[in-house]
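1. Predicted model and sequence follow; I will ask about them next.
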Amino acid sequence: MFRSLYDFKTEFLILACDIAVIFINAVLLDFIIYCLLKKTKTFLRIIKFVSLLVSICMFLADLFTIYYWKLPLNSIMLDFVMMTNIRETGEFLSVYLFNAYLWFFFLAVSVVLFILWRVFLFIYRQKRLFVILVICGFILGIFASERVIHKSGGYPRILNSVGLYRISYMLFKDFQGRQEYMKMSEQSSPEIHLTKNESNIPYAIFIVGESTCRNHMSLYGYSLPTSPELTKLKEQGGLYVFDDTVSTHAGTMANLQKIFTFYRYGALGKWFEYTSLFRILHAAGYYVTWISNQESASVGGTSASSFYFRQCDARYFTEAFKESGYNANNYDEMLLPLIDKAMLSVYEKNFYIVHLMGTHFHYHKRYPEKFNKFSYEDEPEGFDGITDSQRTVRANYDNAILYNDFIVREIIRKFEEKNALVIYISDHGEEVYDSLNFFGHYDGLSRNMIEIPMLIWVSSKFSSNYPELEQRIASSIHRPFMTDDMIHVVLDIMGIETEEYDPAKSVINPKFDASRQRIHEGKLYDKENGLHEVQ
């Protein structure tokens with residue numbers, strides 16, 4: 001009990017310190033500008049009012065992000081919002097905004113700030129005290145900037161303390177990136193030069209999961225039977241389970257940018273400047289089909305998925321069913337008839353991308369009632385102090401994992417009689433009250449957000465036709481791998497090479513470099529220790 005009380009006080013003090021730092025670093029100059037412009041002409045009063053309004057909004061956003069992720073609003077977070085579809089954004093806000101503790105937190109901070117504001121106005125009227133305040137604010141601002149640098153790895157300028165400048169700068173950078181993206185999209189793509197093309201696999205399927213952590217799959221040793229179908233398939237043979245794979249990021253689009261291009265961690269330039277897998281497959285003679293339960297044909301913007309599916313030969317979206325009133329649900333089983341439809345058009349070489357909704361929150365919306373198997377009473381221990389309501393969230397997530405197991409198995413079932421190979425990975429993992437008092441995903445918080453499943457299944461016909469390739473797959477399941485090199489694995493399997501292809505980056509290749517350091521948000525990852533500081 002005393003230990004828990006001590007930890008609570010420690011966390012409270014750290015949080016209070018962070019709030020003070022954010023206030024000093026991001027808001028104090030705005031308040032000073034407000035006071036300096038208080039008695040100015042109308043136009044400057046408008047500037048003053050806009051600056052103060054933006055400052056308040058930015059401060060509230062900073063409080064929101066620091067409450068959950070211990071960091072002020074930054075460009076990465078803004079990019080996440082800008083690249084997310086409306087439905088996913090709505091779910092995100094409904095999950096995180098409707099939190100009684102968050103609003104109590106806002107209320108407490110507001111009361112404190114009101115008191116400080118009254119004190120500040122009193123000091124402002126005392127000119128000497130005001131000068132002292134400005135000097136103290138400058139000194140504290142230096143301290144705050146150093147702390148923000150330490151926490152976020154950024155290099156804030158003094159102007160970043162002005163909310164209007166900060167949000168304008170972030171929006172400008174986002175606009176600039178979008179302009180570059182659109183320019184690149186409109187340009188004619190350079191011809192793909194294949195240095196090797198021995199591809200002859202008739203059916204290759206790449207399933208992209210969503211928010212699925214391998215640590216909640218019984219296939220990987222989880223205590224609840226959340227993946228019975230895939231476990232049976234493994235026992236029958238042909239399913240190879242990679243047990244040391246991590247994603248580069250804990251967000252969908254940032255990972256998709258790397259999974260399907262040669263753009264990897266530490267690479268220079270923009271992700272869309274690199275050759276994509278889909279253009280290479282097309283050059284190799286594959287008919288590429290995109291089948292998704294996340295996007296719609298009308299989606300715009302600069303998301304990686306929209307960039308990719310426009311490079312495919314055919315596209316199918318469950319959103320079309322929803323818009324026509326075919327089905328009001330959004331379960332991944334809606335993809336199954338779309339796969340059947342796509343398979344009616346038979347080509348010599350076929351490559352399918354299947355983008356699942358997977359186990360994305362809200363977890364209870366990801367599976368039909370018949371998969372509602374686990375309850376809070378079934379859940380194993382999570383973080384210290386976990387409540388029954390939090391166990392219920394974990395149970396919902398485990399039910400979503402169970403349903404995801406069914407979906408992946410059903411997709412594989414469609415290709416059992418064909419000469420086919422199926423690759424399944426999740427874009428990133430998820431923290432669900434396992435080691436933190438938190439559920440969801442955000443870069444740098446826990447190992448569960450990046451530890452993902454990676455599976456490769458081969459049919460019996462595939463085994464007969466490519467025994468050496470299957471042996472290479474089987475012998476590589478324990479190797480450490482990060483999915484920003486996934487394009488090399490796919491090309492290696494398909495027997496395709498370009499000048500950018502590197503066998504040392506393909507986990508199934510005998511030349512694979514297993515010594516690569518896997519860095520996530522400045523932290524080193526290894527399977528034994530999880531995320532830890534780089535020495």
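-> Okay, I see it.

2. Can you give me the buried ones in stretch 506-526?
-> Of the residues in stretch 506-526, 506-509, 512, 518, 520-521, 525 count as buried by neighbour count, 16 or more other C-beta atoms under 10 Å. For every residue, glycine as well, the C-beta is placed using N, CA and C.

3. In a helix, Asp485, correct?
-> Yes: checked against DSSP: H, G, I helix; E, B strand; the rest coil, Asp485 lies within a helix.

4. follow-up on the earlier one: point out the least confident one among the buried residues of stretch 506-526.
-> In terms of pLDDT, Glu521 ranks lowest among these, with 82.

5. tell me the contacts of the nearest residue to it once chain neighbours are set aside?
-> Nearest-residue entry for Glu521: Gly444, 3.6 Å, with adjacent residues in sequence omitted and distances by C-beta to C-beta, 6 or more residues apart in numbering. Contacts here follow C-beta atoms under 8 Å, 6 or more residues apart in numbering; on that basis Gly444 touches 250, 520-523, 531.

6. so which two of these are the farthest from each other?
-> Spanning the widest gap among the contacts of Gly444 are Ala250 and Gly522, at 13.6 Å by C-beta to C-beta.

7. got JSON lines for the contacts of Gly444, with distance to Leu60 and secondary structure too?
-> Listed next are the contacts of Gly444 as JSON lines, based on distance: C-beta to C-beta, whole Å; DSSP: H, G, I helix; E, B strand; the rest coil:
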{"residue": "Ala250", "distance to Leu60": "24", "secondary structure": "coil"}
{"residue": "His520", "distance to Leu60": "29", "secondary structure": "strand"}
{"residue": "Glu521", "distance to Leu60": "25", "secondary structure": "coil"}
{"residue": "Gly522", "distance to Leu60": "27", "secondary structure": "coil"}
{"residue": "Lys523", "distance to Leu60": "29", "secondary structure": "strand"}
{"residue": "Leu531", "distance to Leu60": "29", "secondary structure": "strand"}
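
8. With distance to Leu73 as extra columns, can I get the residues you listed in a markdown table?
-> As requested, these are arranged in a markdown table below (distance: C-beta to C-beta, whole Å):
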| residue | distance to Leu73 |
| --- | --- |
| Ala250 | 17 |
| His520 | 21 |
| Glu521 | 16 |
| Gly522 | 19 |
| Lys523 | 21 |
| Leu531 | 23 |
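
9. and which of those residues is nearest to Met343?
-> Checking the contacts of Gly444 one by one against Met343 (C-beta to C-beta), the nearest turns out to be Ala250, at 33.5 Å.

10. how near is Leu335 to Val246?
-> If you measure Leu335 against Val246 using C-beta to C-beta, to the nearest Å, the figure is 26 Å.

11. For Ile412, give its distance to Thr392.
-> Between Ile412 and Thr392 the computed distance is 31 Å (C-beta to C-beta).

12. cool, and Asp492?
-> Between Asp492 and Thr392 the computed distance is 43 Å (C-beta to C-beta).

13. Likewise for Leu239?
-> Computed with C-beta to C-beta, the distance linking Leu239 and Thr392 is 31 Å.

14. what's near enough to touch Ala284?
-> 194, 197, 199, 349, 494, 496.

15. ok, Asp492 and Thr392, which is more surrounded?
-> A direct count of neighbours by other C-beta atoms under 10 Å for Asp492 and Thr392 places Asp492 higher, at 23 against 17.

16. what does the average pLDDT come to for the strand or helix carrying that one?
-> Assigned by DSSP states H and E, Asp492 falls within helix 486-494. If you average the pLDDT over helix 486-494, you get 98.

17. who does it touch, helix- and strand-wise?
-> Under the contact definition 3 or more C-beta pairs under 8 Å, 6 or more residues apart in numbering; DSSP states H and E, helix 486-494 sits against strand 203-209, helix 252-259, helix 277-283, strand 420-426.

18. Mind telling me which of those the model trusts least?
-> Out of the helices and strands packed on helix 486-494, the stretch the model trusts least by mean pLDDT is helix 252-259, with a mean of 90.

19. Output that one as PDB, restricted to C-alpha atoms.
-> What follows is the C-alpha trace of helix 252-259 in PDB, where atoms were taken according to Å, rounded to 0.1, in the frame of the first residue of the first chain:
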ATOM      1  CA  THR A 252      -0.500   2.400 -39.600                       C
ATOM      2  CA  MET A 253       0.500   4.900 -42.200                       C
ATOM      3  CA  ALA A 254       4.100   5.300 -41.000                       C
ATOM      4  CA  ASN A 255       4.500   1.600 -41.300                       C
ATOM      5  CA  LEU A 256       2.800   1.200 -44.600                       C
ATOM      6  CA  GLN A 257       5.200   3.800 -46.000                       C
ATOM      7  CA  LYS A 258       8.100   1.400 -45.300                       C
ATOM      8  CA  ILE A 259       6.500  -2.000 -45.700                       C
END
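
20. Identify all contacting residues around it.
-> Applying C-beta under 8 Å, 6+ apart, the set of residues contacting helix 252-259 from outside is 79-80, 83-84, 208, 210, 247-249, 263-265, 271-272, 303-305, 308, 425, 427-428, 483-484, 486-487.

21. Now the buried members of the residues you listed.
-> Under a neighbour-count criterion of 16+ other C-beta under 10 Å, the subset of those counted as buried comprises 79-80, 83-84, 208, 210, 247-249, 263-264, 271-272, 303-305, 308, 425, 427-428, 483-484, 486-487.
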